[in-house]
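In: need a structure here:
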Amino acid sequence: MKTVTVVKLSKRHQMVLPKAAREALGVGPGGRVLVVVEGQTVRLLPEPERWSDYIYGLGEEAWKRLGGGEKFLAEERATWHE
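Out: Sure thing, here's the model as predicted:
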């Protein structure tokens with residue numbers, strides 16, 4: 001189900017997160033929310049319990065372009081003996 005709510009910013013640029021959003025994110029008082037900005041799009045995500053799980057796999061494409069971690073490591077180690 002899609003819920004659309006308009007919120008007003010205070011003079012200090014603050015807003016109250018609507019109940020439907022809090023429930024969807026599973027956050028309560030003192031809870032933390034990630035704000036991800038991509039161009040004109042803003043996404044809200046609950047803060048992960050474990051950041052290592054959240055960032056796992058980031059940079060995978062870059063490692064593939066480098067030929068994988070083992071190749072990169074071997075090339076780096078080869079420069080140690082030069």
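
In: For the rest of this, base every contact and every neighbour count on C-alpha atoms.
Out: OK.

In: Output the longest helix belonging to this structure.
Out: Scanning the chain for the helix with the most residues, using DSSP state H, yields helix 69-80.

In: That one - what's its average pLDDT?
Out: Helix 69-80 shows a mean pLDDT of 86 in the predicted model.

In: From the rest of the structure, what touches it?
Out: 63, 66 (CA atoms under 8 Å, 6 or more residues apart in numbering).

In: Give me the neighbour count for residue 20.
Out: By other CA atoms under 10 Å, the residues close to residue 20 number 13.

In: Surely it and residue 3 touch.
Out: Yes - between residue 20 and residue 3 a contact is recorded at 7.4 Å, counting by CA atoms under 8 Å.

In: do you know how far the nearest residue to residue 8 once chain neighbours are set aside is from residue 47?
Out: Leaving aside its chain neighbours, residue 8 sits nearest to residue 15 (6.2 Å; criterion: CA to CA, 6 or more residues apart in numbering). Distance, residue 15 to residue 47, by CA to CA, to the nearest Å: 18 Å.
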